[in-house]
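Undergrad: Got a sequence here, can you build the structure:
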Amino acid sequence: MTGTVTRTPAELTNARSRIVGEREGMLADAIVWIVRSTATGRQAVARLARRAGSVVTPLGWSLAAVVVVALVSGYVLGWSEAVVAGWTVLALLVIATGYLAGRIAFDVGISLPSNRVVVGDRAPGEVVVRNPGRRRLSGVHIEVPIGAGLAEFASPALAAGEEHSDVFVVPTARRGIVPIGPVRTVRADPLGLLRREVVRAEALDLFVHPRTVAIPSMSTGFVRDLEGAPTRDLTSSDIAFHALREYQPGDERRYIHWKSTAKTGDYMVRQFEETRRSHLLVALSLAAADYASDEEFELAVGATGSLGVRAMLDSRTVSVVASAETPEFARRMVLSARHLSTVNRGRLLDDLAGVETAAATLRLPELARVAADDAGGTSIAFLVAGSPPTAAQLRAAAAHFPLGVDVVAIVCDAGAVPSLRRVADLTVLTIGFLEDLQRSLAKRLAT
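TA: Next up, the predicted model:
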């Protein structure tokens, strides 16, 4: 006779709660497992899709769809022709995978004799392929993106330690920054169904500089306050000696003139005329409305580079600014200018290689306003633009500079007869070719 276990209502309630809790825990564990498994499966499918997408070409995907449609419709509808076509295309896809087999264990490098050239100069480059392994490697196809184009090379099979090189030439018909690379090795089937790429070398930039002319150093006859020229402002310390005066509290004792002090019995100090260095400012408009053609803009860029380089060779203080483009989200034109590097000749021409015109950017009068506010101590300002700006706009641009600043507007009108004229306090120099800048400035100095 077995005894009967009697449970109180509280114990029954606790037992039911434990059972419900265990069931809910199992359900929660099952849900967590399903979520994690789904996420893992989704990641695996995504990785597989990325790998397949990087290997299968659009033509390959199209033929894969043909295989599915042909086999399904052939077997369902009994079309033997569709079945044959489906299996034929599937065989082509399987055969194509054989061309991707094998390692691409090459060392590939790219080099340029110089990453800076002048527009129109020859710019060669070299691709070197080397087999670093101990086994012979079969040939490989190499691609080098060059700007918007593509250079292709076929490297032969290489023995262990052997290398092969190919030379290519970068087109430099137009100024700009040409990206070269990254170099990649390619394995693909003859029909272009599958393609495997491996990046082997980083990209390089080739700077195609604008053409410049050598402006003679004496062409700075435009500058009225030459290097170190004294002004009428007097100061207690400088280079140009002016006179003697009595010592005043606060004067530096090192400027006391002892011989005069001994004669007069009073301390006498030297007084100097303040000198200043000529500061050249070159402002290049990048507004598309300031140019009638691409030839005018290229002429303007070359003139800007010529002026900046000449100022650096003369060891003058120079600032080169260009119009800054207004962001698309801005509701109105932003008054700002881009300062180009004047650290050295190469850096300036590098920056000029990348400038382009834009519609939403400052025109010449607004650019002159910003440049005049930013460049303090300017002694001469060159404003460079194309032929569209009128005489009134040129005068408005020059009016932003204070008195004492010599303003020269360089109007680039491709093919025009060069001229030099004065419009009020503004000098307007029109050039049709880059060489006109050299001749006109030399002529201005001679007069």
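
Undergrad: Pick out the residue nearest the middle of the chain.
TA: Nearest residue to the geometric centre of the chain (C-alpha atoms, centre = their mean): residue 354, 6.2 Å.

Undergrad: wait, what's in contact with it?
TA: Contact analysis of residue 354 by C-beta atoms under 8 Å, 6 or more residues apart in numbering lists 176, 177. Placement of C-beta: from N, CA and C, glycine included.

Undergrad: same thing with residue 410?
TA: Contacts of residue 410 by C-beta under 8 Å, 6+ apart are 300, 303, 382, 383, 384, 385, 429, 431, 437.

Undergrad: So which of those sit within helices?
TA: Among the contacts of residue 410, DSSP state H puts 300, 303, 437 in helices.

Undergrad: The second one against residue 429, yeah?
TA: Read it as residue 303. No: using C-beta atoms under 8 Å, residue 303 is not in contact with residue 429; the gap is 9.3 Å.

Undergrad: Pull up the overlap in contacts between these two.
TA: 410, 437.

Undergrad: More neighbours: these two, which one.
TA: residue 303 (26 against 22; other C-beta atoms under 10 Å).

Undergrad: got the contact list for that one?
TA: 384, 410, 412, 431, 434, 437 are the contacts of residue 303 under C-beta under 8 Å, 6+ apart.

Undergrad: Give me the distance between it and residue 86.
TA: 67 Å (C-beta to C-beta, to the nearest Å).

Undergrad: cool, and residue 79?
TA: Taking C-beta to C-beta, one finds residue 79 at 10 Å from residue 86.

Undergrad: again, but for residue 391
TA: Computed as C-beta to C-beta, the residue 391 to residue 86 distance reads 76 Å.

Undergrad: Neighbour count for these two, which is higher?
TA: residue 86 (21 against 14).

Undergrad: Buried residues in stretch 107-120, which are they?
TA: 108, 110, 112, 115, 116, 117, 118, 119 (16 or more other C-beta atoms under 10 Å).

Undergrad: for the residue nearest to the fourth one when sequence neighbours are not counted, what are its contacts?
TA: The reference is to residue 115. Nearest residue to residue 115 in three dimensions, chain neighbours excluded: residue 206, at 5.6 Å (C-beta to C-beta, 6 or more residues apart in numbering). Counting by C-beta under 8 Å, 6+ apart, residue 206 makes contact with 112, 115, 116, 117, 123, 170, 172, 177, 178, 179, 180.

Undergrad: ok now the host helix or strand of residue 206, how far from the chain's centre?
TA: Element membership for residue 206 (DSSP states H and E) is strand 204-209. How far strand 204-209 lies from its chain's middle: 10 Å, per C-alpha atoms, centre = their mean, to the nearest Å.

Undergrad: Nearest to residue 314 among the contacts of residue 206?
TA: residue 116 (22.0 Å; C-beta to C-beta).

Undergrad: Show me the beta-bridge partners of that closest one.
TA: Residue 116 forms beta bridges with residue 207, as assigned by DSSP bridges.

Undergrad: any idea how far stretch 360-375 is from the chain center?
TA: That offset, for stretch 360-375, works out to 22 Å (C-alpha atoms, centre = their mean).

Undergrad: Which positions in that stretch come out as buried?
TA: Residues of stretch 360-375 classed as buried: 361-372, 375 (neighbour count, 16+ other C-beta under 10 Å).

Undergrad: Repeat that for stretch 33-49.
TA: Within stretch 33-49, no residue qualifies as buried by neighbour count (16+ other C-beta under 10 Å).

Undergrad: what do you get for stretch 197-209?
TA: Buried residues in stretch 197-209, defined by neighbour count with 16+ other C-beta under 10 Å: 200, 201, 204, 206, 207, 208, 209.

Undergrad: same deal with stretch 386-405?
TA: Counting neighbours by 16+ other C-beta under 10 Å, stretch 386-405 gives 386-389, 393-401, 405 as buried.

Undergrad: okay if I get the residues you listed as JSON lines plus distance to residue 155, secondary structure and pLDDT?
TA: Shown next, in JSON lines, are these (distance: C-beta to C-beta, whole Å; DSSP: H, G, I helix; E, B strand; the rest coil; pLDDT from 0 to 100):
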{"residue": "386", "distance to residue 155": "48", "secondary structure": "coil", "pLDDT": "95"}
{"residue": "387", "distance to residue 155": "51", "secondary structure": "coil", "pLDDT": "93"}
{"residue": "388", "distance to residue 155": "52", "secondary structure": "coil", "pLDDT": "94"}
{"residue": "389", "distance to residue 155": "54", "secondary structure": "coil", "pLDDT": "93"}
{"residue": "393", "distance to residue 155": "58", "secondary structure": "helix", "pLDDT": "92"}
{"residue": "394", "distance to residue 155": "58", "secondary structure": "helix", "pLDDT": "92"}
{"residue": "395", "distance to residue 155": "63", "secondary structure": "helix", "pLDDT": "92"}
{"residue": "396", "distance to residue 155": "61", "secondary structure": "helix", "pLDDT": "91"}
{"residue": "397", "distance to residue 155": "57", "secondary structure": "helix", "pLDDT": "91"}
{"residue": "398", "distance to residue 155": "60", "secondary structure": "helix", "pLDDT": "91"}
{"residue": "399", "distance to residue 155": "64", "secondary structure": "coil", "pLDDT": "90"}
{"residue": "400", "distance to residue 155": "60", "secondary structure": "coil", "pLDDT": "89"}
{"residue": "401", "distance to residue 155": "60", "secondary structure": "coil", "pLDDT": "88"}
{"residue": "405", "distance to residue 155": "61", "secondary structure": "coil", "pLDDT": "84"}
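
Undergrad: Where does pLDDT dip in the stretch 101-250 of the chain?
TA: 102-103, 217-243, 250 (pLDDT under 70).

Undergrad: hmm, 50 instead?
TA: Within the stretch 101-250 of the chain, the stretches with pLDDT under 50 are 218-242.

Undergrad: which stretches of it form helices?
TA: Under the criterion DSSP state H, counting those that start in this stretch, the stretch 101-250 of the chain contains no helices.
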